[in-house]
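Peer 1: Take this sequence and fold it.
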Amino acid sequence: MCGIAGILHLNGQGTSDPSDIKRMADVMEHRGPDDEGFFVSGPIQLAHRRLSIIDLNSGHQPMFNEDESIAIVFNGEIYNHDALRLILEAKGHRYRTHSDTESILHAYEEFGENFESQLTGMFAFAIWDNPRRRLVLSRDRLGIKPLYYTICRGQLVFASEIKSILALKGIDRRVDLEALDAYLSLRYVPGPKTMFRDIYKLQPGHTMIVQNGTITTRQYWELTFEERDCSVQEAGQELDALLSQVCQDHLMSEVPYGVFLSGGIDSSAVVAVLQKKLANRLQTFTVGYDQAAGINEFDYADTVSRHVGTTHHTLTLQAQDFADWIPKLVWHLDEPVGDAACIPLYFLARYAKERATVLQSGEGADEIFAGYSIYKKMEWMNTLQRGPWSSACRTLSRTITPFVKTGKTARYARLLRKPLEERYRGVSGHFMEGLRERLIKPGVLKDADQNFAEKVFSQYYGRVRSDRDLNRMLFVDTNTWLPDDLLVKADKMTMAASVELRVPFLDHRLVEFAARLPVSLKIRHGQTKYLLKKVMEPYLPHDVIYRPKKGFPVPVSDWFKHGLYEMATELLLSSKSHVSGFIDLVYLRSLMDQHKAGKHDFSNELWGLLVLEWWFRTFEVQL
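Peer 2: Just a heads-up that it's a prediction; the model follows:
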């Protein structure tokens, strides 16, 4: 796990100050504290920060092919590199190391167009092909590893983190108003935009090629849903074998490893499958909170640990730990993500670092096997819209709407009469219905395309090749919430602690397997993740498998009634705050007071705005 950066003069002639690429690398030292490397040749500069995981002695980057005409810097892991090596050596390629990085280089040489499809793993890499004067940037299928870029003063600048790009002089630090508008709806920014004007994300499953001053981008992978006929028993046997293989492949490491264990079905499944394969006891880690009744999952995690036989560790966070780290959180995230689970994830990663450098987690299972309860709610609305009660529901919706302006009642009243593609905007904690419109000052975002987020979702609904509403929702989440919220926090928070996080459920072999399942094996008789739970019955206690889903709970609602209330008052309600430029502070104060009095829970909205304010201050962004 590493950080990469680079600068390319698009005219092929210019040269850059070597101190520029050094500054870009230094900003990402946390991503790779073990080593650094640079390559400067004519118009190209490449940098690499290394966290040593495999081939500890000879895995230095940049790495080169046999005649050193092609160079690569790489962030990630290629889990099938041993099998690839056998194929590539048989075709005449000579390896100098045991590193998976070298397999990418030789695959590029051997397979040409769509060489990325030969790779199984998580990755973001840059290849400089000197004979062709060509730069190739590529990102893994699901977007597990980040890659950002911009064009500034005739240069293409790219890096694993935005702050690395910002280390260069002349980079625009103005906010992208369309991205800001989207954030005030979703609490994250859907790609390819970022919150910074003119800085973009290379989208998952895409490769960018820069040659002769021309930039082209192609998509080499997209999730498709092609349901097949199969029984529960047949599909269960396949899933059991595939999950076992994937978890085994993700063990690839020469350093200590462990698993984040929440006590939910997803992380517990990873723990159970891995421990079955290991002679030694697996290290597992759980985070909880001081005085947070009903939030902690210590008991469930401990149950799984004892049942499976791991060596288990728990970390208890105090509210003050949480509050004190918010500014650093924002710096590591690069752009605001209004998900409070970021902070406990960082502290748990830092705690685990003492015992493990590589960690696995259960991220992604909900998005591929349909684990969120909102999927059931949306399908229930589909039934109401299409059934004999459809007319009555529309009438009820129109009757209620004028009397409820905000909150869940207002939201569901409006949603009842909308089609799925207008109703479902992913699983993220959106701003409550009606709040966004009342919070934003009229006319402030008039220069922005305020339909940006709508266009993003419409695009994905238009691309999904399935007539199943559940699969359409899964496709939307896989392309928006997953890479732009969930995986952002997973990568940035673990890399902030200099540990590598692996997510076996997002191995493309498992993702493609799940996409071929009948929807009845994802949600059945009201049970989400039906097939995964059936497969786990021999591995885990029944109460763990079938307990209500909690996600990664954080007691932020309670904290906004105490310490975070004071912080929010000082930061947000000042006339000098950045958010005061576009937020109605009188209305915001009323929301904060209602929340503190326990009348309504506005913690999602307050947290999103608090993170946003810190972001403006941390990166000195202009509106």
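Peer 1: Any idea how far stretch 273-288 is from the middle of the chain?
Peer 2: 24 Å (CA atoms, centre = their mean, to the nearest Å).
Peer 1: mind checking the end-to-end distance for that stretch?
Peer 2: This stretch, stretch 273-288, spans 24 Å end to end (CA to CA, to the nearest Å).
Peer 1: After the helix or strand of the chain with the lowest mean pLDDT, which helix or strand is next?
Peer 2: Every helix and strand of the chain was ranked by mean pLDDT, DSSP states H and E. The lowest is helix 407-415, at a mean of 64. Next in sequence after helix 407-415, counting helices and strands by DSSP states H and E, comes helix 420-423.
Peer 1: And the strands in the stretch 351-500 of the chain?
Peer 2: Secondary structure of the stretch 351-500 of the chain by DSSP state E, counting those that start in this stretch: the strands cover 358-360, 500-502.
Peer 1: what's the model's confidence in the last one, averaged?
Peer 2: Strand 500-502 shows a mean pLDDT of 95.
Peer 1: Quick check: mean pLDDT of the helix or strand just after it?
Peer 2: Proceeding N to C from strand 500-502, the next assigned helix or strand is helix 508-515, under DSSP H and E. Mean pLDDT, helix 508-515: 98.
Peer 1: same check, this time on stretch 129-142
Peer 2: 97.
Peer 1: Which of the residues in it are classified as buried?
Peer 2: 129, 133, 135-142 (16 or more other CB atoms under 10 Å). All C-beta atoms are positioned from the backbone trio N, CA, C, and that covers glycine.
Peer 1: re the thing from before, may I see the strands of the stretch 351-500 of the chain organised as JSON lines, with mean neighbour count and distance to residue 526 added?
Peer 2: Below are the strands of the stretch 351-500 of the chain laid out as JSON lines (neighbours: other CB atoms under 10 Å; distance: least, CB to CB, whole Å):
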{"stretch": "strand 358-360", "mean neighbour count": "25", "distance to residue 526": "30"}
{"stretch": "strand 500-502", "mean neighbour count": "26", "distance to residue 526": "32"}
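Peer 1: Among the buried residues of stretch 129-142, which lie within strands?
Peer 2: Those of the buried residues of stretch 129-142 mapping onto strands are 129, 135-139, per DSSP state E.
Peer 1: And the residues you listed, which two are furthest apart?
Peer 2: 129 and 139 (17.9 Å; CB to CB).
Peer 1: residue boundaries of the strands in the stretch 101-250 of the chain?
Peer 2: With DSSP E, counting those that start in this stretch as the criterion, the stretch 101-250 of the chain has strands spanning 121-129, 134-139, 148-152, 155-159, 200-201, 206-211, 214-219.
Peer 1: Nearest the middle, which residue of the protein would you pick?
Peer 2: Nearest to the centroid of the C-alpha atoms of the chain, with distances taken as CA atoms, centre = their mean, sits residue 487, at 1.3 Å.
Peer 1: Just put the strands of the stretch 351-500 of the chain in CSV and tack on distance to residue 99.
Peer 2: Conversion of the strands of the stretch 351-500 of the chain to CSV gives the following (distance: least, CB to CB, whole Å):
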stretch, distance to residue 99
strand 358-360, 15
strand 500-502, 15
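Peer 1: now for those, which one comes closest to residue 219?
Peer 2: With distances scored as CB to CB, the stretch of the strands of the stretch 351-500 of the chain nearest to residue 219 is strand 500-502 (24.2 Å).
Peer 1: now the end-to-end length of stretch 28-41.
Peer 2: End to end - CA to CA - stretch 28-41 spans 22 Å.
Peer 1: Mind checking the pLDDT average for it?
Peer 2: On average, stretch 28-41 scores 92.
Peer 1: Outline the domain layout of the protein.
Peer 2: Annotated domains of the chain cover 2-219, 232-369+480-545 [automatic domain parsing].
Peer 1: Export those domains as a markdown table, with columns for distance to residue 391.
Peer 2: Listed next are the domains of the chain as a markdown table, based on distance: least, CB to CB, whole Å:
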| stretch | distance to residue 391 |
| --- | --- |
| domain 2-219 | 30 |
| domain 232-369+480-545 | 26 |
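Peer 1: Nearest to residue 616 among the ones you listed would be which one?
Peer 2: For the domains of the chain, the distance to residue 616 is smallest for domain 2-219, at 7.7 Å, taking CB to CB.
Peer 1: how many other residues sit next to the residue nearest to residue 585 when sequence neighbours are not counted?
Peer 2: Leaving out its chain neighbours, the residue that sits closest to residue 585 by CB to CB, 6 or more residues apart in numbering is residue 573, at 5.6 Å. With neighbours defined by other CB atoms under 10 Å, the count for residue 573 comes to 16.
Peer 1: Repeat that for the one 5 residues further on.
Peer 2: Using other CB under 10 Å, residue 578 has 21 neighbouring residues.
Peer 1: does it really touch residue 610, like I thought?
Peer 2: No. Residue 578 is not in contact with residue 610 according to CB atoms under 8 Å; the separation is 11.6 Å.
Peer 1: still on that earlier bit, these two touch, right, the residue nearest to residue 585 and residue 587?
Peer 2: No. Contact criterion CB under 8 Å: residue 573 and residue 587 do not qualify, at 11.1 Å.
Peer 1: Name the residues contacting each of those two.
Peer 2: Both residue 573 and residue 587 lack any common contact, where contact means CB atoms under 8 Å, 6 or more residues apart in numbering.
Peer 1: which stretch among the domains of the chain comes nearest residue 474?
Peer 2: When these are compared by CB to CB, domain 232-369+480-545 sits nearest residue 474, at 6.4 Å.
Peer 1: Any idea how far that closest one is from the middle of the chain?
Peer 2: Distance of domain 232-369+480-545 from its chain centroid, counting by CA atoms, centre = their mean, is 13 Å.
Peer 1: ditto for stretch 16-27
Peer 2: 27 Å.
Peer 1: which two from the buried residues of stretch 129-142 end up farthest apart in space?
Peer 2: Between any two of the buried residues of stretch 129-142, the greatest separation by CB to CB is 30.9 Å, found for 133 and 142.
Peer 1: Same question for stretch 546-561: list its buried residues.
Peer 2: So stretch 546-561, judged by 16+ other CB under 10 Å, has buried residues 552-560.
Peer 1: now swap in stretch 244-263 and tell me
Peer 2: Neighbour counts over stretch 244-263 (16+ other CB under 10 Å) mark 245-247, 249-250, 252, 257-263 as buried.
Peer 1: end to end, how far does it reach?
Peer 2: 19 Å.
Peer 1: average pLDDT for that stretch?
Peer 2: Mean per-residue pLDDT for stretch 244-263: 89.
Peer 1: what residues are up against residue 473?
Peer 2: Counting by CB under 8 Å, 6+ apart, residue 473 has contacts 375, 378, 420, 424.
Peer 1: Buried members of those into ChimeraX, please.
Peer 2: In ChimeraX, this line selects whichever of the contacts of residue 473 come out buried by 16+ other CB under 10 Å:
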select :375,378,420,424
